[in-house]
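S.K.: Coordinates for the following, if possible.
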Amino acid sequence: MPKKILYIEDEQALQKTFSDASKRAGYEVVSAMDGALGFELAKVEKPDLILLDFILPKMNGLEVLEQLRAEEATKEIPVIIFTNLEGPENIEKALELGATTYLVKSQYSMKEVLEKIREIIGE
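M.R.: Numbers count the residues shown, from 1 in each chain. Predicted coordinates for the structure are as follows:
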């Protein structure tokens, strides 16, 4: 059974690119275009990993991360923050809230992101 990734990202082009690449790499991908839906899907789908943007409609990435960590069903799911925000305060806050790692979109290729995912979920 393939490992399941929940990608919470409001940019459709990125969603499609990541989903296509992840499926080729053998993962199942569940997508959410806003933070509130992403949080709900995390509880229902129980993904093996969540890839989470910071800037999202309805609930931002930090709020989603806080909710994920507060919820019994989702508190152990590894979360990779995948965003364009580079500030050290953002990185620090995300890691404090329990993010597994923090990747800045412009600094990583899709291949590198998939390698990081493999590293974290043991594929």
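S.K.: List the residues that contact residue 33.
M.R.: Residue 33 makes contact with 9-10, 12, 15, 57, according to Cβ atoms under 8 Å, 6 or more residues apart in numbering. (Each C-beta comes from the backbone N, C-alpha and C, glycine too.)
S.K.: Those: which two are farthest apart?
M.R.: Maximum pairwise distance in these, criterion Cβ to Cβ, is 13.5 Å, between 15 and 57.
S.K.: And these two? Which one has more around it.
M.R.: Taking residue 15 and residue 57 together and counting by other Cβ atoms under 10 Å, residue 15 has the greater number of neighbours (18 against 11).
S.K.: What is the strand or helix carrying the more buried one packed up against?
M.R.: Assessed by DSSP states H and E, residue 15 sits inside helix 12-24. Helices and strands touching helix 12-24, by 3 or more Cβ pairs under 8 Å, 6 or more residues apart in numbering; DSSP states H and E, are strand 4-8, strand 28-32, helix 110-121.
S.K.: tell me which residues of the last one are tucked away?
M.R.: In this case it means helix 110-121. Applying a neighbour-count criterion of 16 or more other Cβ atoms under 10 Å, the buried positions in helix 110-121 are 113-114, 116-117, 121.
S.K.: now swap in stretch 21-29 and tell me
M.R.: 21-22, 25, 27-29.
S.K.: Just want the most central residue of the protein.
M.R.: By Cα atoms, centre = their mean, the mean C-alpha position of the chain lies nearest to residue 51, the distance being 1.2 Å.
S.K.: Confirm that it sits in a helix.
M.R.: No - with DSSP: H, G, I helix; E, B strand; the rest coil as the criterion, residue 51 is assigned strand and is not in a helix.
S.K.: Give the bridge partners for it, please.
M.R.: Residue 51 forms beta bridges with residue 7, residue 80, as assigned by DSSP bridges.
S.K.: Go ahead and confirm it touches residue 18.
M.R.: Yes - assessed by Cβ atoms under 8 Å, residue 51 is found in contact with residue 18 at 7.2 Å.
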